[in-house]
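> next comes the sequence, and after it the predicted model I'd like to discuss.
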Amino acid sequence: MKQNLESLLDTARQVTRLAAEKIGEIYQQYLSGGNIGIREKGKDDPVTAADMAANQIITQRLKGIFPDHAILTEENPDSWDKAGSEWVWMIDPLDGTSDFIKANGEFVTMVGLTHFGKPTIGVVVEPATGLELYACKGLGAYKSPASKVDKSSRLRISDTADLKHLRLAVSRSHRDPRVDQFAQLLTIRDVISSGSVGRKVAMVISGQADIYVHPSRGTKLWDTCACEVIVSEAGGVLLSGTGEPISYRRSSRDIENLYGLLACPKHILGKVIWASRKVWGLI
């Protein structure tokens, strides 16, 4: 089973990097004045040629290698009834599309895999820098720098956060007013804005932030699946805003995380859950 998981992880890393490289190519063209075909899927929900190109690369390759696996991807609504399958790839080809359009570099490609609803494989690659985070359940979490796929280092979340000077990572494009209430409850003065769920999770893992909270609706299964594996294997936690585990095996088209999410080291989890539940009006 271990060898099988390692093979799955290798494939996930390969397809995620290929997609991220394509996004990087389109991004460079965009920076030089190229057209990226921006259109709106819904209110405040843009999509670009980069989203669609990356989605095609990932889904076609996974379908060819794992024809029996289900694929649930943001860019294909017809796939949103697949969360109940045994093996499910959960894909966000370009997380942070608004930031891609703003050309600030704060976006990632995310590929996760669940087995019977349990996040098992997670890969996050930042196209603008080539930085890669990846993990497999039970095998640890790792970081690989740009262009050095074989030069990986183990990831561990610090358990020495200064409780008097906590740093909070929040969404740049989708910041909810409850963020300020959360920060006040924990007396947090250092609030860091960034695009992309995966990028903010990486900030917690790397020690750039102590907590990431998204106290609003909007995130989906493909936003959290890959991240959850990496955070967990690095020694931290990623949960719903209520402090409960995120369920990945659901009924058809139930894909939204209704109470948002939070990520942090385990030693401050109690404080974070208390504040998160407070801003949701649950206590």
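In hand now; what should we look at? These numbers come from a predicted model, not from an experiment.
> going by C-alpha atoms from here, please, whenever you check contacts or count neighbours.
OK.
> most centrally placed residue in this structure?
The centroid of the chain falls nearest to residue 198 when counting by C-alpha atoms, centre = their mean (3.3 Å).
> and that one, what is it in contact with?
Taking C-alpha atoms under 8 Å, 6 or more residues apart in numbering, we find residue 198 in contact with 95, 108, 110, 124, 223-224, 227.
> which one of those is nearest residue 250?
Closest approach to residue 250 among the contacts of residue 198 (C-alpha to C-alpha): residue 224, at 14.5 Å.
> and that closest one, what does it touch?
With C-alpha under 8 Å, 6+ apart, residue 224 has these contacts: 197-198.
> how far away is it from residue 237?
11 Å (C-alpha to C-alpha, to the nearest Å).
> one more: residue 218?
20 Å.
> before we move on, what about residue 87?
22 Å.
> give me the sheet partners of the lowest-mean-pLDDT helix or strand in the chain and which way each runs.
Among the helices and strands of the chain, strand 39-42 carries the lowest confidence by mean pLDDT, DSSP states H and E, at a mean of 84. Neighbouring strands of strand 39-42 in its sheet, by DSSP bridges, are strand 45-47 (antiparallel).
> what residues of the partner strand count as buried?
residue 47 (16 or more other C-alpha atoms under 10 Å).
> next, count neighbours for residue 155.
For residue 155, the count of nearby residues is 21 (other C-alpha atoms under 10 Å).
> so who does it touch?
140-143, 205-206, 234.
> show the pLDDT at it.
What the model reports as pLDDT for residue 155 is 94.
> how near is it to residue 6?
Separation of residue 155 from residue 6 (C-alpha to C-alpha): 17 Å.
> ditto for residue 55
Using C-alpha to C-alpha, one gets 23 Å for the distance from residue 55 to residue 6.
> and the protein, what are its domains?
According to automatic domain parsing, the chain comprises the domains 2-154, 167-279.
> helix, strand or coil for residue 50?
helix (DSSP: H, G, I helix; E, B strand; the rest coil).
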